[in-house]
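Participant: Predicted structure and sequence below. I'll ask about it afterward.
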Amino acid sequence: MMMKLRSVYSFSFNEWKSWCVTSCSQIMASVRSAPRGRPRAVLAVVLCSFLVTALAAFEVSRAKALAAPAPPAVVIGYPSPTPRIVPLLIAQEQDFFGKYGAAAEPVFVRNSQILIAGLAANNIHIGYTGGTTVLGAAAGGVELKMLAGFVNRQRSYLVVRSEIKTPGDLAGKRFGVQSIGGTNWMHAMLALKQLKLDPARDQIRILVIGDQTVLSQALEAGVIDASVFTSRTLSVGLNKKGFPALAELTPSVAATGIVAKKSYLEKDSHTLERVIKAFMEGLVFALTPGNKPYVLKTIMRRLKISDPALAEEGYADVAGHFESRRPYPSLDGLRNMQQLMRAQNPRLADIKLDDLVDNTFVRNLEESGFIAQLHLRHEQGK
């Protein structure tokens, strides 16, 4: 008869004690009922001694395991609650952080300026963000490093009110952004540039409103006339409500990745490696076709999306844009961002982009075979 196996540490001390006593009793009973003989008696004593020793060793080991301190929580800041945070959500729900010996505490922050301030003050250890955060920090004297780049070419959508039919109709209108100098602002400037519009010349008012969810609500409420969305879910939702997409862009950018302060990198590189491993497994899990139903449910539950079609759009956005095999930060993407942002902040012209990137972690994971093994395991359903 097969017995269901249990983890060693799921047994209490009393359960092990009872099992050892019962086993010793059974051994001694067998000895008493058997013909007299020294070898059999000696064997019985040896077996009982072994069981008692094993019991003691188990309890010492168990006590040490239970007394081991939990790893300190790594605070991970992210500035936009869209399906693009799915690697973080999956890593948390599947406890990939715990699997690699880390503890994570995700924290939503409203914009990149708050994220930079949190990283500078060591209140936030890791940023799940993009190159605009790293560049903005560098301009302010805060040394951040981009350690991984999951999205190096980002699609975005310029969504407008229904009465705006042509690019020229944006003249004199209100254009909402998340923050000045942030990723959303950068996409807004790229969109206007592509449409041959200039905010100053064409009197387009750039208004700081909030994250993409707040921008969506502002567009519906008539507070703004246009905005750019990198979230396909929000863009499609607005299209269904009568707000068309006037333009679609796919510039080379360093949009979404893992960022940390240089001093934290030098102080706790082992923890950073564990966190990056957890992110990688969260991403690979999310992109594995067999896991799609679970990932969709997670997107809907964690982001409070009630429409399955919008969750599908969000999943398609992640599947179509995230790099899971060679997630190196894009220097070309950072260069594009620098050229655009230095018009707002001339100090960015002197920033050396190579100083903002550290490929060590991704290179080690790639060369060691860790990333390839992750893909193989999840493809095989292990």
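Facilitator: Noted; the coordinates are in hand.

Participant: so where do the strands sit in the stretch 201-350 of the chain?
Facilitator: 205-208, 226-229, 245-249, 252-261 (DSSP state E, counting those that start in this stretch).

Participant: Alpha carbons only: can I get the first one in CSV?
Facilitator: When you say that, I think you mean strand 205-208. Extracted as CSV, the C-alpha positions of strand 205-208 are listed here (Å, rounded to 0.1, in the frame of the first residue of the first chain):
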residue,chain,number,x,y,z
ARG,A,205,-0.2,72.6,-23.4
ILE,A,206,1.6,69.8,-21.7
LEU,A,207,-0.2,69.0,-18.5
VAL,A,208,1.1,66.7,-15.7
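
Participant: That one - which strands sit beside it in the sheet, and in what orientation?
Facilitator: Strand pairing for strand 205-208, determined by DSSP bridges: strand 174-177 (parallel).

Participant: And the third one, by the same measure?
Facilitator: With DSSP bridges as the criterion, the sheet partners recorded for strand 245-249 are strand 156-160 (antiparallel).

Participant: pLDDT on the strand it pairs with, on average?
Facilitator: Averaged over strand 156-160, pLDDT sits at 94.

Participant: Save the strands of the stretch 201-350 of the chain as TSV, and put in mean pLDDT too.
Facilitator: As requested, the strands of the stretch 201-350 of the chain are exported to TSV (pLDDT from 0 to 100):
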stretch	mean pLDDT
strand 205-208	96
strand 226-229	96
strand 245-249	91
strand 252-261	91
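
Participant: quick one: which of those is nearest D307?
Facilitator: Of all the strands of the stretch 201-350 of the chain, strand 226-229 sits nearest to D307, with 15.9 Å by CB to CB. (Each C-beta comes from the backbone N, C-alpha and C, glycine too.)

Participant: Report all helices and strands that that closest one contacts.
Facilitator: Packed against strand 226-229, as judged by 3 or more CB pairs under 8 Å, 6 or more residues apart in numbering; DSSP states H and E, are the following elements: strand 156-160, strand 174-177, helix 183-194, helix 212-221.

Participant: Residues in contact with that strand: which ones?
Facilitator: 156-161, 164, 170, 173-177, 184, 187-188, 191, 209, 212, 215-216, 218-219, 235, 238, 246 (CB atoms under 8 Å, 6 or more residues apart in numbering).

Participant: now T133, nearest residue through space, not along the chain?
Facilitator: S112 (4.5 Å; CB to CB, 6 or more residues apart in numbering).

Participant: Report how many residues lie close to F108.
Facilitator: Close neighbours of F108, defined as other CB atoms under 10 Å, add up to 11.

Participant: hang on, isn't it packed against P81?
Facilitator: Yes. At 5.9 Å, F108 and P81 qualify as touching, with contact defined as CB atoms under 8 Å.

Participant: Could you verify my assumption that I299 touches G314?
Facilitator: Yes. Between I299 and G314 there is a contact at 5.6 Å, judged by CB under 8 Å.

Participant: shared neighbours, those two?
Facilitator: 83, 86, 305.

Participant: residues touching the nearest residue to G237 once chain neighbours are set aside, list them.
Facilitator: For G237, ignoring the flanking residues on the chain, the nearest one in space by CB to CB, 6+ apart is L310 at 5.5 Å. Applying CB under 8 Å, 6+ apart to L310 gives the contacts 233, 236-237.

Participant: looking at the shared contacts of I299 and G314, which has the most residues close by?
Facilitator: P83 leads these on contacts (other CB under 10 Å) with 28 neighbours.

Participant: Let's see the pLDDT reported for the nearest residue to it once chain neighbours are set aside.
Facilitator: The spatial neighbour of P83 that comes closest, neighbours along the chain excluded (CB to CB, 6+ apart), is G314 at 2.9 Å. Each residue has a pLDDT score; the one for G314 is 92.

Participant: G314 and R201: what is the separation?
Facilitator: 36 Å (CB to CB, to the nearest Å).

Participant: Compare these two (neighbour count), which wins?
Facilitator: G314 (25 against 8).

Participant: What separation is there between the more buried one and L376?
Facilitator: 27 Å.

Participant: any low-confidence regions in the stretch 151-300 of the chain?
Facilitator: Nowhere does the stretch 151-300 of the chain drop to pLDDT under 70.

Participant: if we go to 90?
Facilitator: 152-156, 179-187, 189-191, 193-194, 230-233, 248-255 (pLDDT under 90).

Participant: The stretch 1-150 of the chain too?
Facilitator: Looking at the stretch 1-150 of the chain by pLDDT under 90, you get 1-72, 79-81, 110-113, 132.
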